[in-house]
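Asks: What shape does this take:
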Amino acid sequence: MRSTTAITNSLNALPKEELVPAVKAALLRIVSQEVAYLLGNQLHEEALPLAMDAVQQGQALFYPSSTPQLVPLYLMAIQANLGLGRATQSEDLLGLAVWLLLQDTKSAHNGMRAELGRLFGQLYMLQGNFQTALKAFSEEVYYSAIERGIFDTHTSLGFFHLCEVFKKLGKVEDSLACGDIVIQTWLSVLQASVFTQPVSQMNSFELSDHTTLNVPMRSRLFENLHPKEIVHMLQAILTQRAELFGGLHACVAEASFVLGLTYLHNNEHEMALTTLEHASALYKDKDPKMFDLVEKAMQMVPEHIQVG
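Replies: Modelled structure (predicted):
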């Protein structure tokens, strides 16, 4: 995210004839950043008027010459409406977003197509149309996998949405399978983030004796993702596993470990310690390798929190 100082410096370097549209674009960028922050914190009511204002500003700047740049603004407005349960308004905005995206036939826009699949799926879930939601979330996974890869953290959100809709449809095995992909994706990425050894050099659950925080990768892991959304997703999968297999099952320990690493990554140290302690208790005397790994992660929690 660019700071207002960086934006100001960029504007000062422009010729006067280019200044007015540049100022409008800079103001739109600031508003969009604020909307993204509010949506990330589930403050949909506060986000909605700003999101709709951003859509109006974007129309003045980008339509009809650059319609793809309008789509992300519509996506934020749709997300705010969905968060408030406004199905009709969301459906109208989704139709406009699709139409705008279709105006550009030169680019695939797979990332935005994935986002549209997600929002359509959420709309259909809100309407109770679970079979149609299943198709929409499948499109989210498909386009996200093309854009980023099937085991990318962004694609994992689509698998979680499939996990939830399969649960609604009573397809437990399918739901668990999608949840497994989510957990394995984040387990791999978080191990490489929290510990220094890259994924490509690690076997499953194997680390070197020298483990320190990998700061560069930490800063990129949640790029364009909301930490609260990730925590909610992992908590939901953990709860589902505990309900189906019992709280002492190995799959519950695994999900607890991944959730604990997420808290550690987010510097939520008290939650990290509590969750990792739970995973440690489940692994103790059952899986020595995983028990040692969890203990290494717990050592990264600041000492004053461990003592407290």
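
Asks: contact partners of the helix or strand hosting residue 81?
Replies: Per DSSP states H and E: residue 81 is located in helix 71-83. For helix 71-83, the surrounding residues in contact (Cβ atoms under 8 Å, 6 or more residues apart in numbering) are 28, 32, 35-36, 39, 42, 44, 47-48, 51-52, 54-55, 58, 89-90, 93-94, 96-97, 100-101, 109, 112, 115-116, 119, 122-123, 126. (Glycine included, C-beta is placed from N, CA and C.)

Asks: Try it again at 6 Å.
Replies: With contact meaning Cβ atoms under 6 Å, 6 or more residues apart in numbering, helix 71-83 is reached by 35, 39, 44, 47-48, 51-52, 54-55, 58, 89-90, 93-94, 97, 100-101, 112, 115, 119, 122.

Asks: Using PDB, write out every CA atom in it.
Replies: Output of helix 71-83 as PDB, limited to C-alpha atoms (Å, rounded to 0.1, in the frame of the first residue of the first chain):
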ATOM      1  CA  VAL A  71     -14.100  -3.900 -11.900                       C
ATOM      2  CA  PRO A  72     -12.100  -4.000  -8.600                       C
ATOM      3  CA  LEU A  73     -14.200  -1.000  -7.400                       C
ATOM      4  CA  TYR A  74     -17.400  -2.800  -8.200                       C
ATOM      5  CA  LEU A  75     -16.000  -5.900  -6.400                       C
ATOM      6  CA  MET A  76     -15.500  -3.900  -3.200                       C
ATOM      7  CA  ALA A  77     -19.000  -2.400  -3.400                       C
ATOM      8  CA  ILE A  78     -20.500  -5.900  -4.000                       C
ATOM      9  CA  GLN A  79     -18.600  -7.300  -1.000                       C
ATOM     10  CA  ALA A  80     -19.900  -4.500   1.200                       C
ATOM     11  CA  ASN A  81     -23.500  -5.100   0.100                       C
ATOM     12  CA  LEU A  82     -23.100  -8.900   0.600                       C
ATOM     13  CA  GLY A  83     -21.800  -8.300   4.100                       C
END
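
Asks: Let me see the domain layout of the chain.
Replies: Under the assignment automatic domain parsing, the domains of the chain span 1-105, 172-308.

Asks: Could you export those domains to JSON lines, including columns for mean neighbour count and mean pLDDT?
Replies: Below are these laid out as JSON lines (neighbours: other Cβ atoms under 10 Å; pLDDT from 0 to 100):
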{"stretch": "domain 1-105", "mean neighbour count": "16", "mean pLDDT": "85"}
{"stretch": "domain 172-308", "mean neighbour count": "17", "mean pLDDT": "82"}
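
Asks: got those as JSON lines, with distance to residue 148 columns?
Replies: Output for the domains of the chain, formatted as JSON lines (distance: least, Cβ to Cβ, whole Å):
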{"stretch": "domain 1-105", "distance to residue 148": "16"}
{"stretch": "domain 172-308", "distance to residue 148": "10"}
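
Asks: Out of those, which gets nearest to residue 166?
Replies: For residue 166, the closest of the domains of the chain is domain 172-308, at 3.8 Å, according to Cβ to Cβ.

Asks: Next step: the contacts of helix 71-83 restricted to helices.
Replies: Among these, DSSP state H puts 35, 39, 44, 47-48, 51-52, 54-55, 58, 89-90, 93-94, 97, 100-101, 112, 115, 119, 122 in helices.

Asks: can you pull out the helices in the stretch 201-308 of the chain?
Replies: Using DSSP state H, counting those that start in this stretch, the helices found in the stretch 201-308 of the chain span residues 215-221, 227-245, 250-265, 269-283, 288-298, 303-307.

Asks: now for the longest one, which elements pack on it?
Replies: So that's helix 227-245. If you count contacts as 3 or more Cβ pairs under 6 Å, 6 or more residues apart in numbering; DSSP states H and E, helix 227-245 packs onto helix 250-265.

Asks: Please tell me how far the helix it packs on is from the chain's geometric centre.
Replies: 17 Å (Cα atoms, centre = their mean, to the nearest Å).

Asks: And stretch 29-36, how far out from the chain middle?
Replies: 17 Å.

Asks: hang on, the earlier thing: any chance of the helices of the stretch 201-308 of the chain in a markdown table, plus distance to residue 168?
Replies: Output for those, formatted as a markdown table (distance: least, Cβ to Cβ, whole Å):
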| stretch | distance to residue 168 |
| --- | --- |
| helix 215-221 | 30 |
| helix 227-245 | 12 |
| helix 250-265 | 20 |
| helix 269-283 | 27 |
| helix 288-298 | 32 |
| helix 303-307 | 38 |
